[in-house]
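In: Model the structure of this input:
(2 chains)
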Amino acid sequence: MEDWVSVGYLISAALFIFGLKKLGHPKTAPFGNQLGAMGMLVAVITTILEMQLTGEGVVDWTLIAGGIVLGSLIGYWMAVKVEMTGMPELVALFNGFGGAASALVALSEIQKYIVEPSGVPTGLEITVTMVAAGLSALVGWMTLTGSLLAMYKLKGGVEVFGKWIRTPTWGPTWLNPVKVLLFLGVIALIIASIDDPTNEQYLWGIIGISCILGIILVLPIGGADMPVVVSLLNSLSGIAAAFTGFIIGNSVLIIAGSLVGASGLILTFIMCKAMNRKLIDVLFKSFGGDGEKQSLTRTKVGSDADEVAMMLDGAQKVIIVPGYGMAVSQCQHAVKEFANIMEEKFDTEIKYAIHPVAGRMPGHMNVLLAEANVPYEQLIEMDEINGEFPECDVALVIGANDTTNPAARSGEGPLAGMPIIDADKARTVVIIKRSLSVGYAGVDNDLFYMDKTMMLFGDGKAMMGDLNTAVKEI
Amino acid sequence: MEPAFLIGNVTLFILAIFLGFELITKVPATLHTPLMSGANAISGISIIGALFGSNVAFDGGETALSGLLAFVAVVLAMINVVGGFAVTNRMLNMIAGKKRGGA
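Out: So this is what the prediction gives:
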């Protein structure tokens, strides 16, 4: 490799490192993102220059330029078009593409050996290449199928010939040894491929099993565990790029890939901690699960919007607790309108309590509320806001369940030890929810049955609309 | 391949993983999504490998299949890179815009 090429990649790697660092702080985040994009630009330009100036030069400009332009246009179009509510799906999809790209590069390198067996290197080089290509395929294809399934899980289902098919969540315990066996199978195939690099059966075996692994790894996971999976897949796509770096012996791939892998893993652990679960439990123990859900033995009379509006009359402080239900009904704009009405009419102090795993993606609620023009300062993280509930007149819970369930404090059951939003400590609690049904964890929520709780049964958007009208009319 | 080259690459790999762990310590929830999608865009760095791979003659050459695979990789990686940075930028502008409006 020419010296100036190494310097180009070094600059690019440094930009990635600074970029990631800056992305972690609210003030510098936009700059961090630009640094990352610049790093990518430097890497691409360096590569194209190297291709042009060394060896035989660029063989086919139209092809390379065509690929770059086509990919850029599609990517840009998708990024501009997406609604903020569709963000989790898009991030999952991009992630799958990243993993697939790394795995395809690995496949393309191995394909060269199959076409031209005389070009197969020997000794250490072939060992390194085959191990790296195998691992890149394993992680890359797994990331692709896992991310695609995660995307359809986030959408809730897929439309086939006009019929809506719900994405299943299915994971019997016997699936766990199968996952381990398939994983060991891939490792065995990788080891076998070192001695026989041109064996296509090994190659397709690795690809096939990796695709299946991605699906059965994500299939049992749903609901509140989704943020963990999405960020884990993000980490894996980085790892795949790093392995690809070993195949082509390129330092910037190794550095950038492992940076993303490690930082994605950190985010995964942050998500796990917020649920008081271990990563291993998320992957191998389905949460709550079918059949274990508590049956409802209690009932609660629902309230109506007018009743709630009367109670809100003159409230000094209202804390809004959003959950996945707000994302599903897409009522963030109605929520913001509610906040505006309350602020204007009664000069009420409005805050939002954000549970770290509310929604289906890390930071899901923040993105939705930011889209609805909610001031950043009003979004308060769980640890900070919990102390404020005793002095708050009304806690308005919108489509959140497990993240407010006082059963988590008891130390028993699936929710034991999970940090929760202390909505039950507010003077009055208003809950907008379709029914009394249990949340993802399958645990009945005592909060619904407390005397100070008023239930508004119905769709989030419709109920918020009714409530806004009712409050205006007071 | 010289063993020293491999060891050099493994060193980079391990040091970069440590660096990645240290880089992201306490991140506010607001930034979880942008951080994830920004990092995701960086993982599109496999565009480099894809570019090298797609640099082959297409008309009838023996390497045509491997070139085609690399070309698909170029497209997918570019979607990942451009889409990822663009969507992150959109989200961050939204969040930053709110800050000025709310203060």
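In: Tell me which residue in the stretch 151-300 of chain A sits closest to chain B.
Out: Closest residue of the stretch 151-300 of chain A to chain B, CB to the nearest CB: A:A262 (2.6 Å). C-beta coordinates here come from the backbone N, C-alpha and C atoms, glycine included.
In: how about the nearest residue to A:T143, chain neighbours excluded?
Out: A:G99 (2.8 Å; CB to CB, 6 or more residues apart in numbering or on different chains).
In: how about the residues of the stretch 301-450 of chain A near chain B?
Out: By CB under 8 Å from any CB of the partner chain, the residues of the stretch 301-450 of chain A that approach chain B are A:354, A:356, A:361-367, A:370-371, A:373-379, A:381.
In: Quick check: next helix or strand after the top helix by length along chain A?
Out: Longest helix in chain A, counting residues (DSSP state H): helix A:124-155. As assigned by DSSP states H and E, the chain's next helix or strand after helix A:124-155 is strand A:157-160.
In: and that following strand, which strands flank it?
Out: Strands that pair with strand A:157-160, judged by DSSP bridges, come out as strand A:163-166 (antiparallel).
In: following the partner strand, which helix or strand comes up?
Out: Scanning forward in sequence from strand A:163-166 by DSSP H and E, the next helix or strand is helix A:175-195.
In: what's the angle between that next one and helix A:124-155?
Out: Using axes from the mean of the first three to the mean of the last three CA atoms, to 10 degrees, the direction of helix A:175-195 lies 150 degrees away from that of helix A:124-155.
In: Dump the C-alpha coordinates for helix A:175-195 into PDB.
Out: Listed next in PDB are the C-alpha coordinates belonging to helix A:175-195 (Å, rounded to 0.1, in the frame of the first residue of the first chain):
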ATOM      1  CA  LEU A 175     -34.900 -23.500  20.000                       C
ATOM      2  CA  ASN A 176     -32.000 -22.500  22.200                       C
ATOM      3  CA  PRO A 177     -29.900 -25.700  21.700                       C
ATOM      4  CA  VAL A 178     -30.700 -25.400  18.000                       C
ATOM      5  CA  LYS A 179     -29.200 -21.900  17.900                       C
ATOM      6  CA  VAL A 180     -26.000 -23.200  19.600                       C
ATOM      7  CA  LEU A 181     -25.800 -26.200  17.300                       C
ATOM      8  CA  LEU A 182     -26.200 -24.100  14.200                       C
ATOM      9  CA  PHE A 183     -23.600 -21.700  15.500                       C
ATOM     10  CA  LEU A 184     -21.100 -24.600  16.100                       C
ATOM     11  CA  GLY A 185     -22.000 -25.900  12.600                       C
ATOM     12  CA  VAL A 186     -20.900 -22.700  11.000                       C
ATOM     13  CA  ILE A 187     -17.700 -22.700  13.000                       C
ATOM     14  CA  ALA A 188     -17.000 -26.300  11.900                       C
ATOM     15  CA  LEU A 189     -17.700 -25.300   8.200                       C
ATOM     16  CA  ILE A 190     -15.300 -22.400   8.500                       C
ATOM     17  CA  ILE A 191     -12.500 -24.600   9.900                       C
ATOM     18  CA  ALA A 192     -13.200 -27.200   7.100                       C
ATOM     19  CA  SER A 193     -13.100 -24.400   4.500                       C
ATOM     20  CA  ILE A 194      -9.500 -23.500   5.400                       C
ATOM     21  CA  ASP A 195      -8.200 -26.800   3.900                       C
END
